[in-house]
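Undergrad: Just need the structure, nothing else, for what follows:
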Amino acid sequence: MVEEEGLAVAQRPRDFDSACLMYSRRSNSNSWKIYNSLRNEFSYLDLPELKDAEILYSKDGWLLMARDNLPLFFFNPLTRQKFQLPPTDESFYSVCFTSPPTCSDCFVFGYFCSTTIGNIDFAIIEFGDEVWKTGSLDCDREEFWYSICPPVFKDGVYYCFDRRWGSFRVYDPSNDEWTICGHYPEAIEYEDEDEDEDEDEDEDEDDEDEDDDEHEDEDDDEDEDEDEEKETEEEEENDKKETKENYIVEVEGEIWGVFVTNNDRKVSVNKFDLSKKCWNKVESLGDKCLYVSFNGSFAEDCDGGSDRANKIYLNKFHGENGVWYSLSSGMYHSAGGDFASEDAYGLTHVDYGTWIKST
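TA: Residues are numbered from 1 along each chain as shown. This is a model prediction of the structure:
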């Protein structure tokens, strides 16, 4: 672990007085754009120490970042403190940390880019240690459709979201074991065909009347038509629920999911029931709002009467105005007040933006 010098205060602390979306200006790798959700304003920070770096995860005002093939490092955009982590042999596909590096219980966990649907290559380290602990899980027939969503740390274990089945692969570092939490189809059991059994089948079946055969053919045709109709209906239903974006967030000790579906980007919120291992729809956020991005999502309590309650802030803009989705209206709205729509057509999505929680 290496600590680098930081400033006592940020250059412009007003930029971070509320939840902010931070992303690099690609034309100038030293400059970062900050969107303040409270004031619906943009500002810019010149951060040469972050040249060519990308944000991998955000939590509690801290960023976990990477640059090319160099080691990961923590960075606080408010104080500009920087902490270097030991190197790894390869890059992370998805990673998280449990608490800020200034705390005594800070762990970093994630899985590498070499992870496939049949194999999970992962690593974990306690902040202050010099070497990562690495491992690999052979998923065998129980494929893991890994997601870019960072793992969620809860009750001492890490929940890794499976984007295909909507379930979780759970890693427990205390015993170095993986389990499945949620729906997963039973593994297919392959059986060897016994040709002898086919030869010993009752030959009386071949003596059935032709009329019966004709009726069976008609029944088979009807069954095939019904099967085709069912398959078509299932495909249409799947198309209706095609998930384009998914975000997993820990809310007061519970795991919530924000799912954005289809080309029109309909938004729904669900809560994962750990006892029944299933998702339940959330009709209202109550006095909370959510900030969701691929590399960091969180919930915030809103003051009584706050107009931020029951809203989901995403990486989307209408012109220069930030956009949220209201669970009350079931529509997208712009902070500028001139946009309201049931779909997201015409909105700009910032792919590399990450929400930062105000501290």
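
Undergrad: And the pLDDT for the closest residue to residue 327 other than its chain neighbours?
TA: Once flanking residues are discounted, residue 327 sits nearest to residue 310: 5.1 Å by CB to CB, 6 or more residues apart in numbering. C-betas here are computed from N, CA, C, even on glycine. Note on residue 310: pLDDT of 95.

Undergrad: surely residue 310 meets residue 285?
TA: Yes. The criterion here is CB atoms under 8 Å, and residue 310 meets it with residue 285 at 4.7 Å.

Undergrad: list residues touching both of those two?
TA: residue 327 (CB atoms under 8 Å, 6 or more residues apart in numbering).

Undergrad: List the buried residues of stretch 57-76.
TA: 57-59, 62-66, 72-76 (16 or more other CB atoms under 10 Å).

Undergrad: so where is the stretch 51-200 of the chain shaky, pLDDT-wise?
TA: Residues of the stretch 51-200 of the chain that meet the criterion pLDDT under 70 lie in 141, 184-200.

Undergrad: quick one: the helices in it?
TA: Under the criterion DSSP state H, counting those that start in this stretch, helices of the stretch 51-200 of the chain are mapped to 195-199.

Undergrad: Quick one: the strands in it, in order.
TA: For the stretch 51-200 of the chain, applying DSSP state E, counting those that start in this stretch gives strands covering 54-59, 62-66, 73-75, 82-84, 92-97, 107-112, 119-126, 133-138, 152-154, 157-162, 167-172, 177-181.

Undergrad: Which one of those lies nearest to residue 317?
TA: strand 54-59 (18.1 Å; CB to CB).

Undergrad: the inter-axis angle of that closest one versus strand 62-66?
TA: 150 degrees (axes from the mean of the first three to the mean of the last three CA atoms, to 10 degrees).

Undergrad: Run me through the strand neighbours of strand 54-59, direction for each.
TA: strand 62-66 (antiparallel) (DSSP bridges).

Undergrad: For residue 266, give me its contacts.
TA: By CB under 8 Å, 6+ apart, residue 266 lies in contact with 260, 342, 343.

Undergrad: Isn't residue 22 up against residue 350?
TA: No. Residue 22 is beyond contact range of residue 350, at 10.0 Å (criterion: CB under 8 Å).

Undergrad: Give the residue from those two that has the larger number of neighbours.
TA: A count of neighbours by other CB atoms under 10 Å puts residue 22 above the other of residue 22 and residue 350, at 24 against 16.

Undergrad: For the more buried one, give the beta-bridge partners.
TA: Counting by DSSP bridges, residue 22 forms beta bridges with residue 34, residue 354.

Undergrad: ok so, going back, could you dump the buried residues of stretch 57-76 into CSV with distance to residue 92 added?
TA: Compiled in CSV, the buried residues of stretch 57-76 are given as follows (distance: CB to CB, whole Å):
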residue, distance to residue 92
57, 9
58, 14
59, 15
62, 16
63, 14
64, 9
65, 11
66, 7
72, 7
73, 13
74, 14
75, 16
76, 20
